[in-house]
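Colleague: Requesting a structural model of the entry that follows:
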Amino acid sequence: MMSIRVYNTMSRAKEDLVPRDEGRISMYVCGPTVYNYIHIGNARTFLNFDMVRRYLEFSGYDVTFVQNITDVDDKIIIRANEEGSTAEEVATRYREAFEEDMASLGVKPPDIAPRATEHIAEMVEVIQELLEKGYAYVSYGDVYFDVSSFEGYAKLSGRELDEQQVTVQFSAEVDRKDDPWDFALWKEAKPGEPSWDSPWGPGRPGWHIECSTMSMKYLGPGFDVHGGGLDLVFPHHENEIAQAEAHSESRFVRYWMHSGMLNIDQEKMSKSLGNIKTLREVLADFDADTIRMLMLGTHYRSPLSFSDDSLSEAHASLERVRNCLFNLDDLAGRLCGGDDDAVPGKRDDALVQFLKEADLEFRESMDDDFNSAAALGVLFGAVREINTYVDRVAATEVPSAAAADVLATARRFLEEHCGALGLFQAPASSGAAEGAAGAPDVGGLVDLLERSGVEVTAPGEKTADELVELLLEARQAARAAKDFALADGIRDGLADLGVKVEDVKGGFRWRFER
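Modeller: As a prediction, the model looks like this:
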């Protein structure tokens with residue numbers, strides 16, 4: 001197993017990834033607060049850590065991936081009041097929407113997805129122990145963490161608190177605190193809000209205690225990787241550290257990883273600018289792999305500029321890989337035995353050797369703090385070499401079993417290395433909203449058949465693939481009859497339905513595309 005270097009926000013340096021348990025990685029990523037559909041900035045964080053997880057598994061690690069759901073929070077309560085529904089109804093609706101969106105994006109579900117409302121008892125227990133140890137205090141039914149009692153507070157963010165200005169949101173809350181930097185572990189119940197019983201009266205947990213409690217429950221103290229967006233470094237992750245280490249009296253996390261921010265058309269995404277885009281909105285126009293390709297092209301810690309133009313460029317890059325896979329599969333299907341010496345052995349060996357070296361270079365890039373942009377460069381280099389080889393083999397008249405074996409090796413290389421980045425893992429119809437990518441609907445193909453004058457028995461019982469084949473057979477017949485208007489009409493109609501058709505020696509080939 002090769003050494004992986006990870007940038008640790010705590011040390012502000014790259015470090016060798018040395019797991020707590022040999023061969024195993026314990027990983028926690030802060031999940032969503034479920035009061036709305038996630039926006040594309042949230043999606044970047046979840047996609048980045050999906051990439052990290054997949055590459056760790058590709059490298060041979062046994063990964064336990066935990067990602068929480070915050071289903072009790074001020075934002076959820078506000079949304080419920082606006083809608084005239086309950087906080088539970090809001091949280092359930094948007095949790096399910098989040099799970100659908102992640103599946104549409106091709107993000108693997110977590111091994112464990114704990115919900116805050118299912119772990120209130122554990123949170124109460126942790127808070128009680130913090131009180132007993134002198135790290136917290138009760139004030140008017142609230143419980144606050146005493147920041148001054150924890151030596152090393154702000155070590156993750158590097159902030160000097162005495163030089164920072166505190167933003168005051170609720171004067172009543174500030175009046176209850178001993179110090180403005182102290183933060184809530186438990187909030188006293190307010191009329192109409194969800195609440196649970198506790199030794200300090202009815203209330204609900206603070207946001208920060210949720211992640212500390214659930215991560216320690218499922219991964220234990222000193223787990224390997226804690227991830228989230230860069231905006232969570234302070235105060236959320238800072239407060240998590242204080243609570244967890246005060247409670248366990250041991251190191252909380254070995255490596256802190258943070259995903260960079262996303263800008264829309266060169267501007268920070270914000271409500272005031274009105275440029276917030278939900279993932280569902282983006283998936284209505286671009287498929288999941290295009291979104292992933294764009295995000296992989298920028299290092300996970302760096303800012304990402306997101307726009308329709310950048311997505312179109314990412315789509316063009318993605319098509320290079322798709323076309324290569326298409327060409328491999330098409331040619332492999334036409335190589336059905338023959339003289340093994342038809343393609344010189346040295347040519348076969350050269351591509352196989354190139355791919356072995358490309359594998360090492362790919363791993364070196366990803367081992368350097370998951371440099372997906374550099375890894376994509378290696379992948380595109382492999383695509384160029386594979387395409388050159390495919391062209392050479394396709395030009396020969398005699399099919400070769402040796403060439404078929406090399407094509408299989410090339411196919412396997414692309415499949416495994418794309419999979420390590422999470423490419424081509426989303427379902428074929430990957431959008432969370434209408435208009436998402438996928439095969440053309442049967443109704444559109446039937447309409448095209450009717451417009452083209454092709455009679456089909458029981459067309460509603462045929463698959464999209466079968467209907468496309470019928471249309472292409474009709475196109476071939478029209479070309480043979482020199483009815484080029486009809487042939488072109490079928491080709492253009494198929495293109496409008498997302499079917500790419502290519503004429504090749506001895507016939508045609510086709511595939512569904514965006």
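
Colleague: Find the helix or strand that the residue nearest to Phe252 when sequence neighbours are not counted is a member of.
Modeller: Distances taken as Cβ to Cβ, 6 or more residues apart in numbering place Ala244 nearest to Phe252, at 4.0 Å, with adjacent residues excluded. Placement of C-beta: from N, CA and C, glycine included. Assigned by DSSP states H and E, Ala244 falls within helix 238-248.

Colleague: Export that helix to PDB, keeping only CA atoms.
Modeller: Provided in PDB are the C-alpha atoms of helix 238-248 (Å, rounded to 0.1, in the frame of the first residue of the first chain):
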ATOM      1  CA  GLU A 238     -13.500  24.400  16.600                       C
ATOM      2  CA  ASN A 239     -16.300  23.800  19.000                       C
ATOM      3  CA  GLU A 240     -16.500  20.100  18.100                       C
ATOM      4  CA  ILE A 241     -12.900  19.700  19.200                       C
ATOM      5  CA  ALA A 242     -13.400  21.600  22.400                       C
ATOM      6  CA  GLN A 243     -16.400  19.500  23.400                       C
ATOM      7  CA  ALA A 244     -15.000  16.100  22.300                       C
ATOM      8  CA  GLU A 245     -11.500  16.500  23.800                       C
ATOM      9  CA  ALA A 246     -12.800  18.000  27.100                       C
ATOM     10  CA  HIS A 247     -15.200  15.000  27.300                       C
ATOM     11  CA  SER A 248     -12.800  12.200  26.300                       C
END
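
Colleague: Do you know the pLDDT at the residue nearest to Phe252?
Modeller: Listed pLDDT for Ala244 reads 98.

Colleague: cool, and Asn275?
Modeller: Looking at Asn275, its pLDDT stands at 72.

Colleague: same question, Arg514
Modeller: Arg514 is given a pLDDT of 55.

Colleague: elements contacting the longest helix along the chain?
Modeller: Across the chain, the longest stretch assigned as helix under DSSP state H is helix 308-334. Using 3 or more Cβ pairs under 8 Å, 6 or more residues apart in numbering; DSSP states H and E, the elements in contact with helix 308-334 are helix 288-296, helix 372-394, helix 401-421, strand 507-512.

Colleague: now the strands for the stretch 401-514 of the chain?
Modeller: 499-504, 507-512 (DSSP state E, counting those that start in this stretch).

Colleague: ditto for the stretch 51-200 of the chain
Modeller: Using DSSP E, counting those that start in this stretch, strands in the stretch 51-200 of the chain cover 62-67, 136-139, 142-145, 183-188.

Colleague: Who are the packing partners of the last one?
Modeller: Contact partners of strand 183-188 among helices and strands, from 3+ Cβ pairs under 8 Å, 6+ apart: helix 120-132, strand 142-145, strand 203-205, helix 207-219.

Colleague: So the protein: which segments form each domain?
Modeller: 25-260, 310-421, 442-512 (automatic domain parsing).

Colleague: Mean neighbour count added to those domains, as CSV?
Modeller: Formatted as CSV, these follow (neighbours: other Cβ atoms under 10 Å):
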stretch, mean neighbour count
domain 25-260, 19
domain 310-421, 17
domain 442-512, 15
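
Colleague: out of those domains, nearest to Val282?
Modeller: domain 25-260 (5.4 Å; Cβ to Cβ).
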